[in-house]
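Visitor: What follows is a predicted structure for the sequence shown.
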Amino acid sequence: MEQSQIVYAIGRTEGKAQAQLLPFVQTDGIVDFATLNDLIKYMQVAFGNPDKRGTAQSKLDIHTQKNQSFSEYYAEFRCLATIAKLLVESQYHMLLKGVNDKLRSYLRNNDPAEDLEEVAMQLQKADTQSIKWAPLRQNCSQNHIPRPAQPTFNNTTKSTVSTYSATPSTAATTSVGGDAMDLSHQRFQLPEAEKLHRAQENLCFYCGASGHRSLYCPAKLTATRLRELVVPSDSISNIPSRASSPPILTSVSANSATSQNGYPSSKVAGGESQIQNH
């Protein structure tokens, strides 16, 4: 009877364990183990761990739930804790230390029970509820329509009339409009492709920079200011007109004297000649 049990136990092994036991089986079916306990002792020496408690303690130090369900995590934890012969108080703290982030979030909002078995039941219910509502959260995230991104303005490039500076900027000197000191320069019309490009990119139609419109373009304001400094408006009225006629001489009397060169003399009867300006 004992031999049949030993043969059956050897037949259930596989891999390295079976390779260790096959040399003990004779050709006539007799096994070189007298009792089943002898077989177990041999297997413990070949594959057993002489320090099971220390090994279990080391595994408990790094044992965490990760993506497991709480039932799987708790079953492995109790097995290792039993081998390591941990006290109930130590098991309580190590159990809570190894739960995943979802259960930790639950424990932050709910006071855990003080008993090991009770806190295990509490976490089991919380994990079951989390798994139950997980598909609903996924559907909500899939049906969520993201809001369109709002346009942002860079404060470093935003320009207004209040930030006017009399010093010509780099954009003003390198713009399409040319040099601001060139008073005779006439601005040409932008090509249609360039107009479309600036409209799409929200660029200034005057200088091509971003952050402002052409009405408040710093380059335009700077050019206008420089023209006023170079040619004051009040001096334009003092420039004589090109259409003005030169002064002409008119005789006061028909009897005015004539000089030798044919022009009327400055001395005439009754007074000097008068100059009339038209």
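Guide: In hand now; what should we look at?
Visitor: Span of stretch 43-61 from start to end?
Guide: 28 Å (C-alpha to C-alpha, to the nearest Å).
Visitor: Please enumerate residues in contact with it?
Guide: Residues outside stretch 43-61 that contact it (C-beta atoms under 8 Å, 6 or more residues apart in numbering): 16-17, 20-21, 77, 80-81, 83-86, 94. Backbone N, C-alpha and C define where each C-beta goes, glycine included.
Visitor: can we see that at 7 Å?
Guide: Stretch 43-61 is contacted by residues 17, 20, 80-81, 83-85, 94 when judged by C-beta atoms under 7 Å, 6 or more residues apart in numbering.
Visitor: between those, which is nearest Asp28?
Guide: For those, the closest approach to Asp28 (C-beta to C-beta) belongs to Gln20, at 20.6 Å.
Visitor: model confidence over stretch 6-26, on average?
Guide: Throughout stretch 6-26, pLDDT has a mean value of 90.
Visitor: Find the residue ranges of this structure scoring beneath the pLDDT cut-off.
Guide: Low-confidence segments of the chain (pLDDT under 70): 133-188, 221, 223-278.
Visitor: which residues in the stretch 51-200 of the chain form helices?
Guide: Ranges of helices within the stretch 51-200 of the chain are 52-62, 70-84, 88-97, 101-109, 116-143, 170-173, 192-200, based on DSSP state H, counting those that start in this stretch.
Visitor: Select, out of those, the one closest to Ser214.
Guide: Short answer: helix 192-200, nearest of the helices of the stretch 51-200 of the chain by C-beta to C-beta, at 9.2 Å.
Visitor: buried residues in the closest one?
Guide: Buried residues in helix 192-200, counted by 16 or more other C-beta atoms under 10 Å: Arg198.
Visitor: List the contacts of it.
Guide: 205, 208.
Visitor: how about it as CSV, C-alpha atoms only?
Guide: Listed next in CSV are the C-alpha coordinates belonging to helix 192-200 (Å, rounded to 0.1, in the frame of the first residue of the first chain):
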residue,chain,number,x,y,z
GLU,A,192,-2.8,89.2,-52.3
ALA,A,193,-0.8,86.2,-51.1
GLU,A,194,0.9,88.3,-48.4
LYS,A,195,-2.4,89.8,-47.4
LEU,A,196,-3.9,86.4,-47.0
HIS,A,197,-0.9,85.2,-45.0
ARG,A,198,-0.9,88.1,-42.6
ALA,A,199,-4.7,87.7,-42.1
GLN,A,200,-4.4,84.0,-41.3
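Visitor: And Asp28, how close does it get to Val7?
Guide: As for Asp28, its distance to Val7 is 12 Å (criterion: C-beta to C-beta, to the nearest Å).
Visitor: swap in Ser130?
Guide: Relative to Val7, and taking C-beta to C-beta, Ser130 is found at 49 Å.
Visitor: neighbour-wise, which of the two wins?
Guide: Ser130 (17 against 14; other C-beta atoms under 10 Å).
Visitor: Leaving out sequence neighbours, find the closest residue to that one.
Guide: Nearest non-adjacent residue to Ser130, counting by C-beta to C-beta, 6 or more residues apart in numbering: Lys102, 5.4 Å away.
Visitor: The one you found: neighbour count?
Guide: With other C-beta under 10 Å as criterion, Lys102 counts 15.
Visitor: now the one 3 residues further on
Guide: Per other C-beta under 10 Å, the neighbour tally for Ser105 reads 13.
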